[in-house]
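> Pasting the sequence and the predicted model now:
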Amino acid sequence: MRIIAFITEAAPVEQILTYIGEPPRPPPIASARGPPAWDDAPEPAPDWDLLQQPESDFEFDQRIAW
């Protein structure tokens with residue numbers, strides 16, 4: 001697709017939009033929403049120690065041996 005012209009004046013743009021059945025004015029800007037209504041009591045934090053992986057039964061050497 002190639003752009004061949006720009007319409008920079010408002011009157012022709014309004015006429016074109018009206019002709020094709022679109023509103024010539026932009027929709028009104030809605031007001032911003034507030035944060036979600038959360039309960040006053042937050043959930044308890046998880047016990048991260050229970051989520052750790054168990055230690056291995058053998059020693060693993062990560063050095064490179066050629």
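Done, it's in. Residues are numbered from 1 along each chain as shown.
> which residues in this structure form helices?
Counting by DSSP state H, the chain has these helices, from start to end: 10-19.
> for it, which spans come out with low pLDDT?
By pLDDT under 70, the low-scoring segments of the chain are 37-42, 65-66.
> That one: strands as residue ranges?
Using DSSP state E, no strands are found in the chain.
> got a list of what residue 60 touches?
With contact set as CB atoms under 8 Å, 6 or more residues apart in numbering, residue 60 has no partners. For glycine as for every other residue, the C-beta is placed from the backbone atoms N, C-alpha and C.
> same check, this time on residue 10
Per CB under 8 Å, 6+ apart, neighbours of residue 10: none.
> swap in residue 43?
So residue 43 contacts nothing (CB under 8 Å, 6+ apart).
> Quick check: it vs residue 31, distance?
30 Å (CB to CB, to the nearest Å).
> Also residue 56?
The value you get for residue 56 to residue 31, if CB to CB is used, is 57 Å.
> do residue 57 as well
From residue 57 to residue 31 the distance is 61 Å (CB to CB).
> try residue 58
62 Å.
> Same check on residue 44?
35 Å.
> do the same with residue 59
Taking CB to CB, one finds residue 59 at 62 Å from residue 31.
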